[in-house]
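Q: Sharing a model that was predicted from the sequence below.
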Amino acid sequence: MNVFLFPGQGSQEIGMASDLFKADAAFCELVCRASERAGSDLEKICRRGPERELTRTKNLQPLLVCVSLGYLRQLTDKGIRPDKVLGHSLGEISALAAAGIVSFETAVDIAAKRGELMDAAAARGQGGMTAVISSEREAVLQLLAQKFAGGQLVLANDNTPNQLVLSGEVTALEQFAALVTAEKLGQCRRLAVAGPWHSPLMESAQREFSSWLDAVEFHAPKVPVIFNVTAEAETDPAKIRQLIARNLVAPVRWRTAMDSLRGMEKLTLFEVGPGRVLSGLARASGFGDEVKIFNINNLRGVEMAAPLV
């Protein structure tokens with residue numbers, strides 16, 4: 001069982017996909033399309049930075065999708081195809097293309113619009129995200145419910161049994177971190193993101209994105225996709241469109257989605273795109289030596305995976 005995992009924001013680095021820029025004309029064309037949509041020279045930003053432009057949401061989202069889809073094409077050209085796909089946050093757009101729900105080009109367009117709207121929404125407020133590393137999961141969630149019932153701070157990513165990510169107003173994030181420290185419940189780390197993703201503070205972006213998506217044609221998936229909002233598969237294109245829009249304000253149920261893979265025979269995980277974030281989350285969730293995990297973040301990774309699958 002080959003499962004492709006597509007990363008989201010936070011996996012990027014300057015110089016990623018340098019081998020694709022040299023060897024893959026189709027990838028370069030996709031980046032050109034993304035550059036037109038974003039209004040920036042994404043090849044230059046990807047290869048040389050600066051960091052502030054690479055991490056800008058309107059640039060980063062279409063660029064990350066291009067990189068994931070570039071390596072996806074390399075895998076499928078080698079005859080390695082997914083039996084199931086998952087994408088973490090933005091990675092869900094790459095998963096749409098991997099499953100044949102939209103074309104590669106349409107996936108880039110969706111990512112560009114998503115990044116544009118989220119960038120604008122984040123600029124209107126003071127929000128962010130904090131990762132909480134704790135073995136006291138239920139106590140952390142109880143503290144969140146008790147102290148921030150008004151919604152100024154919410155669960156954004158349920159990543160692993162020991163890692164939660166919270167999203168909301170900066171002052172609320174600081175207050176919560178102080179409470180976690182005082183209660184000795186674990187460690188908190190502010191994330192280098194531009195906004196309060198997967199929170200009610202993204203509702204304006206979600207409304208505009210949902211309206212824009214109405215004109216985008218979605219097809220039934222050719223392979224199952226496990227969606228962030230429900231941690232379940234969906235086959236109805238209209239419902240898939242709704243799930244993609246809700247992703248902006250709803251938590252990423254990654255832990256539950258990964259749990260659905262347990263017990264699958266001959267499970268092999270491919271993290272398709274830059275970085276190793278999702279591989280780390282898989283291992284933190286108990287996917288050990290019995291599960292093969294490949295990092296497909298360069299062409300060497302593709303070559304290493306081909307003979308072993």
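A: The structure has been received and is ready for your questions. Residues are numbered from 1 along each chain as shown.
Q: Strands of the chain, start to end?
A: Assigned by DSSP state E, the strands in the chain fall at 2-6, 84-87, 127-133, 153-160, 163-169, 187-190, 225-226, 268-272, 292-296.
Q: Could you report the separation of the residue lying closest to residue 34 once chain neighbours are set aside from residue 132?
A: Among residues not flanking residue 34 along the chain, residue 62 sits closest, at 3.8 Å (C-beta to C-beta, 6 or more residues apart in numbering). C-beta: built from backbone N, CA, C; applies to glycine. According to C-beta to C-beta, to the nearest Å, residue 62 stands 30 Å off from residue 132.
Q: Residue 146 is nearest to which of the strands of the chain?
A: With C-beta to C-beta as the criterion, residue 146 lies closest to strand 153-160 of the strands of the chain, at 11.5 Å.
Q: Show me how far that closest one is from its chain's centre.
A: Relative to the centre of its chain, strand 153-160 is centred 13 Å away, using C-alpha atoms, centre = their mean, to the nearest Å.
Q: quick one: low-confidence ranges for this structure?
A: Applying pLDDT under 70 to the chain flags the ranges 308-309.
Q: How is it divided into domains?
A: 2-123+200-308, 127-190 (automatic domain parsing).
Q: Export the ones you listed to CSV and append columns for mean neighbour count.
A: Shown next, in CSV, are the domains of the chain (neighbours: other C-beta atoms under 10 Å):
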stretch, mean neighbour count
domain 2-123+200-308, 20
domain 127-190, 18
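Q: so what's the residue nearest to residue 34 up against?
A: By C-beta atoms under 8 Å, 6 or more residues apart in numbering, the residues touching residue 62 are 34, 37, 38, 42, 108, 111, 112, 115.
Q: and if you look at residue 126?
A: Residue 126 makes contacts with 169, 170, 171, as judged by C-beta under 8 Å, 6+ apart.
Q: gap between it and residue 136?
A: Distance from residue 126 to residue 136, by C-beta to C-beta: 28 Å.
Q: Likewise for residue 236?
A: If you go by C-beta to C-beta, the gap between residue 236 and residue 136 works out to 39 Å.
Q: do the same with residue 203
A: Taking C-beta to C-beta, one finds residue 203 at 31 Å from residue 136.
Q: what do you get for residue 277?
A: On the measure of C-beta to C-beta, residue 277 and residue 136 end up 23 Å apart.
Q: Then residue 31?
A: 44 Å.
Q: cool, and residue 231?
A: Taken as C-beta to C-beta, the span from residue 231 to residue 136 is 23 Å.
Q: Now do the contacts for the closest residue in space to residue 61 that isn't next to it in sequence.
A: Leaving aside its sequence neighbours, residue 61 sits nearest to residue 115 (C-beta to C-beta, 6+ apart; 3.2 Å). Going by C-beta under 8 Å, 6+ apart, residue 115 touches 38, 57, 58, 59, 60, 61, 62.
Q: what about 6 Å?
A: By C-beta atoms under 6 Å, 6 or more residues apart in numbering, residue 115 lies in contact with 57, 58, 61.
Q: Please apply the same query to residue 72.
A: 98, 272.
Q: Mind doing that once more with 8 Å?
A: Residue 72 touches 4, 94, 97, 98, 272, counting by C-beta under 8 Å, 6+ apart.
Q: from what I can see the first one touches residue 85, true?
A: This points to residue 4. Yes. Counting by C-beta atoms under 8 Å, residue 4 does reach residue 85; the two are 4.7 Å apart.
Q: What sits closest to residue 17 if chain neighbours are left out?
A: residue 67 (4.6 Å).
Q: give the contact list for that neighbour.
A: 16, 17, 20, 46, 273, 274.
Q: Now for the residues you listed: which two are most distant?
A: 46 and 273 (12.8 Å).
Q: which residues does residue 246 contact?
A: Contact partners of residue 246, counting by C-beta under 8 Å, 6+ apart, are 206, 229.
Q: and the gap between it and residue 155?
A: 15 Å.
Q: Format the contacts of residue 72 as a markdown table; extra columns: distance to residue 77.
A: Listed next are the contacts of residue 72 as a markdown table, based on distance: C-beta to C-beta, whole Å:
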| residue | distance to residue 77 |
| --- | --- |
| 4 | 14 |
| 94 | 17 |
| 97 | 15 |
| 98 | 14 |
| 272 | 13 |
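Q: and which of the residues you listed is nearest to residue 176?
A: residue 94 (31.1 Å).
Q: surely the closest one meets residue 272?
A: Yes. Between residue 94 and residue 272 there is a contact under C-beta under 8 Å: 7.4 Å.
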